[in-house]
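Q: quick one, fold the following:
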Amino acid sequence: MFCQPLVLSILLITMLVSGCSSMRSFLDSRLRAQPAAGTGFVPMEELAKNPRLPFDKAWIKQGVDWQRYRTIYIAPVNTDYLRQATWWQEGIRADQMEQDVQNLASFMRTQFIRAFQDDPRRRYRVVMAPEKGSLTLKMAITELVPNKVLLNALRTSTPFFAPIGTGMAVRAFERGTGAQATVAFEAKVADSDSGRIVAMFADRMYATVRPIDLRGFTWYGNAQEIIREWARQFVQIANKQPGEIIRPTSTFSLMPW
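A: Residues are numbered from 1 along each chain as shown. Model prediction:
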């Protein structure tokens, strides 16, 4: 029966990733994407890893009175730096990538607006244009790789309920061939009145590794998941208390979605 290998796979992975915190840390470190070199949207050389924040790199201006800001404007997401690269135009969906990018940029802005609007603490009220005393969040998608291998190889040639974690095996193959679904962003937060930059962030993430990856059956399901998580983390940073640590998202999950 095909269900038995699946059950055994999930049980094995459960013991590995949830029964030992040191094992989780080890796998997270091995599966996490390397930080992006940067595209120029933010001066990456001025950013550094902050162990209290979830992103690869960050910079926060010292001495800013964050309490004076009560509203935030989230600007349309920049895709110019992605268009300047040539590699993304050579993929399976080269003829549709332009529209794909615009759709994902719109999705990203919507998710960030929604995340702040749904924040139970109501730290920032979202405004539809910069206003006096507001912050402006400017973001750029700087890398975007759709689920090429997972969608084509797993869907067409590999049984869906394969033993010992089909999703993990395919992810390993993707990374070995450079086809891993990836998305990266760079962001800067400005004082809307003066235009002065008060914070900058950058992050790059692979798709989450799963025994079975249902999001991998769409071109950008994994990228959308990552963007939702980034939006949630930005709200966490907005509500961060002194000394609080906001940890990065785990690179693997037992859930298929």
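
Q: which regions of the stretch 101-250 of the chain lie under the pLDDT threshold?
A: Scanning the stretch 101-250 of the chain for pLDDT under 70 picks out 147-180, 207-219, 250.

Q: let me see the contact set for residue 106.
A: 76, 77 (Cβ atoms under 8 Å, 6 or more residues apart in numbering). Bear in mind the C-beta positions are built from the backbone N, C-alpha and C, glycine included.

Q: what about the strands in this structure?
A: 57-60, 71-74, 125-127, 134-145, 182-191, 197-206 (DSSP state E).

Q: for residue 244, which residues are in contact?
A: Residues in contact with residue 244, defined by Cβ under 8 Å, 6+ apart, are residue 52.

Q: picking up where we left off before, nearest to residue 34, of the strands of the chain?
A: Among the strands of the chain, strand 197-206 comes nearest to residue 34, with 7.2 Å by Cβ to Cβ.

Q: then the closest one to CSV, C-alphas only?
A: C-alpha atoms of strand 197-206 as CSV (Å, rounded to 0.1, in the frame of the first residue of the first chain):
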residue,chain,number,x,y,z
ILE,A,197,16.3,56.7,5.6
VAL,A,198,15.8,55.3,9.1
ALA,A,199,16.0,51.6,8.5
MET,A,200,17.1,49.1,5.8
PHE,A,201,16.6,45.3,5.5
ALA,A,202,17.5,42.5,3.1
ASP,A,203,16.6,38.8,3.0
ARG,A,204,16.8,35.8,0.6
MET,A,205,14.9,32.6,1.2
TYR,A,206,14.6,29.2,-0.4
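
Q: the inter-axis angle of it versus strand 182-191?
A: 170 degrees (axes from the mean of the first three to the mean of the last three Cα atoms, to 10 degrees).

Q: same list, the strands of the chain, but as JSON lines with distance to residue 247 and mean neighbour count please.
A: Shown next, in JSON lines, are the strands of the chain (distance: least, Cβ to Cβ, whole Å; neighbours: other Cβ atoms under 10 Å):
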{"stretch": "strand 57-60", "distance to residue 247": "14", "mean neighbour count": "18"}
{"stretch": "strand 71-74", "distance to residue 247": "23", "mean neighbour count": "20"}
{"stretch": "strand 125-127", "distance to residue 247": "26", "mean neighbour count": "15"}
{"stretch": "strand 134-145", "distance to residue 247": "21", "mean neighbour count": "23"}
{"stretch": "strand 182-191", "distance to residue 247": "18", "mean neighbour count": "23"}
{"stretch": "strand 197-206", "distance to residue 247": "13", "mean neighbour count": "22"}
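
Q: much appreciated, bye for now.
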